[in-house]
Structures are given as structure tokens and as C-alpha cells.
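1. Curious how this folds, go ahead:
(one chain, ligands or ions: 2)
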Amino acid sequence: SANPLLSIEGLTASVDEKTILHNVSLNVAAGETHVLMGPNGAGKSTLGHLVMGDPVYTVNDGRIVFDGQDITELTTDKRSRAGLFLSFQAPVEIPGVPLSSFLRASIAGRPGLEMKGKEFRRRVKELAAELNMDTAYLNRELGVGFSGGEKKKVEMLQLLLLQPKLAILDELLRLDVDALSTVSHGMDAYRKSCDGSMLIITHNTRILEHLDVDRVHVMVKGHIVREDDASLIPWIDKNGFETFEREAAEQRAQAESAAAEQQA
Ligand code: ADP
Ligand code: MG
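-> Ligands and ions are numbered 1, 2, ... in the order given. This next block holds a predicted model:
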């Protein structure tokens, strides 16, 4: 679309002098659900972290525009306040901090989200019930001793509480059936409650089965090698990423031999 919510423009990025993303462009319009797929090590999580502003990664070229604002140089906190959300592959543990305090802190100072204590407790209880989550968790230390499924519930709770404009959800698939249903339910509730956009990062397609996907992006070795509509998902299910990997290798070989010829 002409005016996307998220616009990643020619992003080249590295860590420790090693280039991980090469000239990556990707647009997500408001209200759309996109999927970023690709084999392990392709750079999918790196892209998610870059959009969120993880200082580990260096942007060498290109820019990231969100909601009309160039956010390439913004801190993670400012991006979060602008309406971005990233669920982590490995969520944090913060001993001594109860989950409810963490949630309360995460909405503090946000326009439209600040609530009185009583209202906050009611809202969080409501959302916990919606996610089929025991309210006893709210008093537990953040992340400490939480199972993978419980951590996902916490993330979905945070998602529903914050109602970001764009949620980047990374690798939701290492989940058991219960957690999978929590996440599916959370994503659905999120979309319905605020018509939010999603960028779902995955190398597996099971979670996508019940989802209305607008666009699929395939990443191989730090390059976006294909973009298509949701029909690409069953195709990948059947054929995997080998075709894309082979094409990418062929293109690299061609580029290298062209460069060698030019030098000769
Ligand atoms: P994916 O999520 O597609 O599996 P990643 O983005 O996690 O891929 O990783 C892409 C490549 O970048 C891998 O080779 C990985 O080792 C490397 N990489 C990612 N983050 C770091 C980091 N913080 N330090 C060093 N290498 C990294
Ligand atoms: Mg990853």
C-alpha cells in the first residue's frame, strides 16, 4: 500500500563486523497480518530485533520507518511507545518483580493506557480470564520458574494490555498444544480488539492454519528471496525452503562469477 505502517527500506545490518541482513525491504500496512519465514539462521529474529532497536546490531544501510516516523536511530523504549511490540524467543526473568508490577510499569506514562490501580487490576484479571490464565500468576516473580507455555501466556497478556499498532511475534512454535491455543487465542483477541498489525516470524506453519494471512515474506541467508500471498504457506509446507535456498545459491554464484569476470 502507499502508506505502510511499517516500512523497512533497504536494510543492511551486521553484528561483530559480520553482515547478517542484506538490503532487506519489507512493508506492513495497518491491520495486516504478515509472515516472515525461512530456514534456521536466515536472519529472521535479527530483523525483529532490529525493528525493535536491539543495540547489539548495527544498521549499515537503509532505514526503518514506523507510522510515518524514521525510527532507525530511536531507542527500544521510544519504539515501544510509538506502538511496536516484540515477543521474545526467550522471555526475561526478573527475580523479585511480581508480574503485575511489571505489567503496570509497562503501561506507565503511555497515552490512553494509564489507569488507576483498581481499574488496572480489573483489566488484567479480565485479560487473564480471557487467556485462561490463573490469576495467581500475577503475584509471581516475573518469568521465574515459568514454563514455556506460561511465559507465552504472559506475553499474550502484555500484548492485549498494550495493544500495540504492530506486534512482531517471533517463533511461537516451540509450544505445546496448550500454549499454542493460548497464542492463537491471544492473537485473535489482539486483532479484534484494536485491528493491530502482526508480523509473525516462524520457520514452521502450524500456527498459521487458522489465521488470515495477507502476505508472506521468505528470507534466506539475510536476503528476502520471495514475497507472495497466503497461498505460499501450503506450498512451503509441502516443499520446504530447499528451492529458495538453491535459487539463492545460484544467484550468489552468478553474482560472484560476474564480479570475477569484471575483475579479469
Ligand atoms: P533465524 O531467526 O532466521 O533463525 P537469526 O536472526 O537468529 O536467524 O540469526 C541469523 C544469523 O545471525 C545466524 O548466523 C546467527 O548466528 C547470527 N546472529 C544473530 N544474532 C547474533 C548475535 N547477537 N551475535 C552473533 N551472531 C548473531
Ligand atoms: Mg529466530
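
2. Now Ser106: which helix or strand?
-> Here Ser106, judged by DSSP states H and E, is contained in helix 99-107.

3. Show me which residues of the stretch 1-150 of the chain are close to ligand 2?
-> Lys44, Ser45 (Cβ under 5 Å from the ion). Where you see a C-beta, it was placed from the backbone N, CA and C, and this is true even at glycine.

4. where does the stretch 1-150 of the chain dip in pLDDT?
-> 1-2, 88-91 (pLDDT under 70).

5. Tell me which stretches of it form helices.
-> 44-52, 76-82, 99-107, 117-130, 148-162 (DSSP state H, counting those that start in this stretch).

6. what about the residue in the chain that ligand 2 sits nearest to, how many neighbours?
-> Ranked by Cβ to the ion, the top residue of the chain for proximity to ligand 2 is Ser45, at 3.2 Å. As a burial measure, Ser45 scores 20 neighbours (other Cβ atoms under 10 Å).

7. thought it was touching Ile201?
-> Yes. Using Cβ atoms under 8 Å, Ser45 is in contact with Ile201, at 6.6 Å.

8. so how far is Phe66 from the closest residue in space to Arg110 that isn't next to it in sequence?
-> The shortest distance from Arg110 to any non-neighbouring residue, by Cβ to Cβ, 6 or more residues apart in numbering, is to Arg81 (6.4 Å). From Arg81 across to Phe66, the span is 11 Å (Cβ to Cβ, to the nearest Å).

9. re the thing from before, out of the helices of the stretch 1-150 of the chain, flag the one nearest Asp70.
-> Nearest of those to Asp70, taken as Cβ to Cβ: helix 76-82 at 11.0 Å.

10. Start and end of stretch 94-105, how far apart?
-> 13 Å (Cα to Cα, to the nearest Å).

11. cool, and stretch 53-63?
-> End-to-end for stretch 53-63, by Cα to Cα: 12 Å.

12. Quick check: longest helix in this protein by residues?
-> helix 242-263 (DSSP state H).
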